[in-house]
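[1] pasted the sequence and its predicted model underneath.
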Amino acid sequence: MAIEVRIPTILRTYTDGAKQVEGTGATLGELFTDLDRKHGGLRERLVDDGGLRRFVNVYLNDEDVRFLAGLDTPVQDGDTVTVLPAVAGGDLAAADG
Amino acid sequence: MLTISRELYDKIVAHARADHPDEACGVLAGPAGSDRPERFIAMLNAERSPTFYRFDSAEQFRVWREMDERDEEPVVIYHSHTATEAYPSRTDIALAAEPGAHYVLVSTRDAEQAEFRSYRIVDGEVTEEPVAVVE
């Protein structure tokens, strides 16, 4: 079983420069754990205590997984997961306040 | 150094003025490895805020995939500040995740004169660079 995972430039230090890696798992969360076994430290860049990191976008095929089931989103053989760091900025304190 | 055509420079400033007082944002795509901005892509600010911007995630996916298909990369990522100077904020620096891009900041705090400045942001370090506008 293989799920293709596309890695953005800034995270390729964890994959020896590879822009695409493969993993397995029944859910996105399991997939990230599997990837972390081969590419240590990668999971921590994607996930924190609250789930998917706020400024990381993850897509299952064409859909943002925030609109699916987040880390519980089921994945299967033949799927493509794409990771893109959010492009954002401003005055975070003002935005949250 | 950022080398940019007058046409693209003007498009960025016009976008920033049009969205004022919300922050405007977008990308200039160019051939991968060329460092040449060629294609103007205004992006929706999903936050629609005067103090924060974020690319809509679905739009970002489409644009990034399109660039990939065209063998392009984001040469410039721009956004505007509407009440402060054209310098990256702490949040701008913390979230900058395209180490190869030129980060352009435009300030529309003055109604007459827009400020346009460019920076490299790599591993949390900001370096301002000169902007050469080519007619």
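    Perfect, thanks for sending it.
[2] stretch A:39-48 near chain B at all?
    No - against chain B, stretch A:39-48 shows no contacts by CB under 8 Å from any CB of the partner chain, the least distance being 10.3 Å. C-beta here means a position set from N, CA and C on the backbone, and glycine is covered the same way.
[3] ends of that stretch, what's the gap?
    By CA to CA, to the nearest Å, the extent of stretch A:39-48 from end to end equals 17 Å.
[4] what sits up against that stretch?
    A:11, A:14-15, A:21, A:29, A:32-33, A:35-36, A:52-53, A:56, A:58, A:71, A:83 (CB atoms under 8 Å, 6 or more residues apart in numbering or on different chains).
[5] the strand ranked longest in chain B packs against which elements?
    Identified as the longest strand of chain B according to DSSP state E is strand B:72-81. Counting contacts by 3 or more CB pairs under 8 Å, 6 or more residues apart in numbering or on different chains; DSSP states H and E, strand B:72-81 packs against helix B:6-19, strand B:25-31, helix B:57-69, strand B:102-107.
[6] so which of these gets nearest residue B:87?
    When the helices and strands packed on strand B:72-81 are compared by CB to CB, strand B:102-107 sits nearest residue B:87, at 6.4 Å.
[7] now the element after the closest one, going C-ward?
    The first helix or strand that comes after strand B:102-107 along the chain, using DSSP states H and E, is strand B:115-122.
[8] quick check: mean pLDDT across that next one?
    Computed over strand B:115-122, the mean pLDDT rounds to 98.
[9] centre of the chain versus it, how much separation?
    The chain centre lies 9 Å from the centre of strand B:115-122; the measure is CA atoms, centre = their mean, to the nearest Å.
[10] list the strands paired with it, with their directions.
    The pairing partners recorded for strand B:115-122 under DSSP bridges are strand B:102-107 (antiparallel), strand B:125-129 (antiparallel).
[11] I'd like these laid out as TSV, including mean neighbour count and mean pLDDT.
    As requested, these are exported to TSV (neighbours: other CB atoms under 10 Å in any protein chain shown; pLDDT from 0 to 100):
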stretch	mean neighbour count	mean pLDDT
strand B:102-107	23	97
strand B:125-129	12	97
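[12] quick check: residues of chain A near chain B?
    A:8-10, A:55, A:57, A:59, A:62, A:64, A:66, A:82, A:84-92, A:94-95.
[13] pull out the buried members of these.
    For the residues of chain A next to chain B, a burial check counting by 16 or more other CB atoms under 10 Å in any protein chain shown picks out A:8-10, A:57, A:59, A:64, A:82, A:84-92, A:95.
[14] among these, which lie within strands?
    Among these, the members falling in strands (DSSP E) are A:57, A:59, A:64, A:82, A:84-85, A:88-90.
[15] hmm, which of these is lowest in pLDDT?
    residue A:90 (86).
[16] that residue is in contact with residue B:53, isn't it?
    Yes - in this structure, residue A:90 is within contact of residue B:53 by CB atoms under 8 Å, at 5.6 Å.
[17] any common contacting residues for those two?
    Taking CB under 8 Å, 6+ apart as the contact rule, residue A:90 and residue B:53 both touch B:23, B:47, B:79.
[18] quick one: contacts for the last one?
    The contact partners of residue B:79, taken as CB under 8 Å, 6+ apart, are A:89-90, B:23-26, B:45, B:53, B:92, B:104-106.
[19] can I get the residues you listed in CSV with distance to residue B:15?
    As requested, those are exported to CSV (distance: CB to CB, whole Å):
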residue, distance to residue B:15
A:89, 16
A:90, 16
B:23, 11
B:24, 5
B:25, 9
B:26, 6
B:45, 10
B:53, 12
B:92, 17
B:104, 11
B:105, 13
B:106, 8
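[20] fine by me, we can end here.
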